[in-house]
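> Fold the following, please.
(one chain, ligands or ions: 2)
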Amino acid sequence: MSPERTKKTLASVPPRREDTRPSRGRLFILSAPSGAGKSTLCGLLRERLPGLRYSVSYTTRAPRPGEIAGDDYFFIDEAAFRDGIANGRWAEWARVHGHYYGTASDFIDQRLAQGHDLLLDIDVQGAAQLVAQYPQAVTIFIMPPSVEVLRQRLANRETDSAEVIDRRLRNAADEMAARSRYRHIVVNDRLERTLEDLLAILAPND
Ligand code: ADP
Ligand code: 5GP
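Ligands and ions are numbered 1, 2, ... in the order given. From the prediction side, this is the model:
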């Protein structure tokens, strides 16, 4: 293109008006084996970053003591979950530790369209499904310092029976094998340090 033509083209461009539309938010996907500290870290991130929205998943598992419906999860039965599959309601879904878990497409799209950053705590199967749809998503895998520490954390949490803990530990090896697919891997040893690492990853990039 000649310099003259460039000049003419630029001169014909109308002056930019301020764009008042909210820009689209960013998607952050957090995965980890059960007990590595995802819920704890998500809670701390939500306190430190009030503008961050947390994706509330749907699940067929029973609420744990202290969990709040609509805040921690939407608790639904298997028939309602299967209806959601048939109706294309889930952006992603998976069967994890014997229960269904899923994220509603409209939940994600509404928040991103409003310009909010959105944090999702989902398993490795769901993360792969979402990355296929949102390739710009930032993926983070939280590792426990060791499998023994993971077992201790699950036991100390006192929310699951020995049988449930064993099942979660058996799944942990497969989940951890998927960590190389994630953009960031963060070891949750000291909680404060892990939180600082996550805040650096979530910091605005402009
Ligand atoms: P997840 O959501 O990944 O299943 P939780 O957030 O429920 O895991 O954490 C499991 C247990 O480990 C909880 O009792 C929590 O308080 C504890 N925990 C989390 N992070 C740490 C850490 N860095 N050091 C020690 N204990 C931790
Ligand atoms: P928990 O029962 O301990 O809350 O969660 C068990 C596992 O399910 C965790 O690995 C968690 O990340 C995952 N999970 C929670 N919500 C979803 C979801 O909406 N979709 C998928 N695929 N996994 C989820």
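> Tell me if A132 really is in a helix.
Yes: A132: assigned to a helix according to DSSP: H, G, I helix; E, B strand; the rest coil.
> interface residues of the protein facing ligand 1?
By the rule C-beta under 6 Å from any ligand atom, the part of the chain lying against ligand 1 is 32, 34-40, 153, 156-157, 188, 191, 194. Bear in mind the C-beta positions are built from the backbone N, C-alpha and C, glycine included.
> From these, pick the one nearest ligand 2.
The nearest member of the residues of the chain next to ligand 1 to ligand 2, counting by C-beta to the nearest ligand atom, is S34 at 4.9 Å.
> for that closest one, what are its contacts?
Listed by C-beta atoms under 8 Å, 6 or more residues apart in numbering, the contact set of S34 reads H97, L154, R168, N171, A172.
> Now the last one: closest residue in space that isn't a chain neighbour?
This points to A172. P33 (3.6 Å; C-beta to C-beta, 6 or more residues apart in numbering).
> Check the secondary structure at that neighbour for me.
Applying three-state DSSP: P33 is coil.
> again, but for E67
coil.
> try N171
helix.
> wouldn't it be in contact with G98 here?
No: in this structure N171 lies outside contact range of G98 using C-beta atoms under 8 Å: 9.9 Å.
> wouldn't L130 be in contact with I29 here?
Yes: using C-beta under 8 Å, L130 makes contact with I29 at a distance of 6.1 Å.
> anything in contact with each of those two?
Both L130 and I29 are contacted by L120, I122, A137, under the criterion C-beta under 8 Å, 6+ apart.
> Same drill for N171 and G98, tell me which one is more crowded.
N171 (17 against 10; other C-beta atoms under 10 Å).
> Show the contacting residues for the more buried one.
P33, S34, V96, H97.
> and these, which are buried?
P33, S34, V96 (16 or more other C-beta atoms under 10 Å).
> Any buried residues in stretch 83-100, and which?
Quick answer for stretch 83-100 (16+ other C-beta under 10 Å): G84, R89, W90, A91, E92, W93, A94, V96, Y100.
> same thing with stretch 113-123?
H116, D117, L118, L119, L120, D121, I122, D123.
> List the residues that contact the second one.
What it means is D117. G25, R26, L27, F28, L49, G51, L52, R53, L202.
> What's the PyMOL syntax to select whichever of those are buried?
To isolate the buried members of the contacts of D117 in PyMOL, using 16+ other C-beta under 10 Å:
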select buried, resi 25+26+27+28+49+52+53+202
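> Export the contacts of D117 to TSV and append columns for pLDDT, secondary structure and distance to H184.
Formatted as TSV, these follow (pLDDT from 0 to 100; DSSP: H, G, I helix; E, B strand; the rest coil; distance: C-beta to C-beta, whole Å):
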residue	pLDDT	secondary structure	distance to H184
G25	92	coil	18
R26	95	coil	14
L27	96	strand	14
F28	97	strand	10
L49	95	coil	16
G51	90	coil	20
L52	94	coil	16
R53	95	strand	20
L202	96	helix	10
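> Could you list the low-pLDDT ranges of the chain?
1-22, 206 (pLDDT under 70).
> returning to that earlier point: which ones among the buried residues of stretch 113-123 also lie next to ligand 2?
Counting by C-beta under 6 Å from any ligand atom, the members of the buried residues of stretch 113-123 near ligand 2 are D121, I122, D123.
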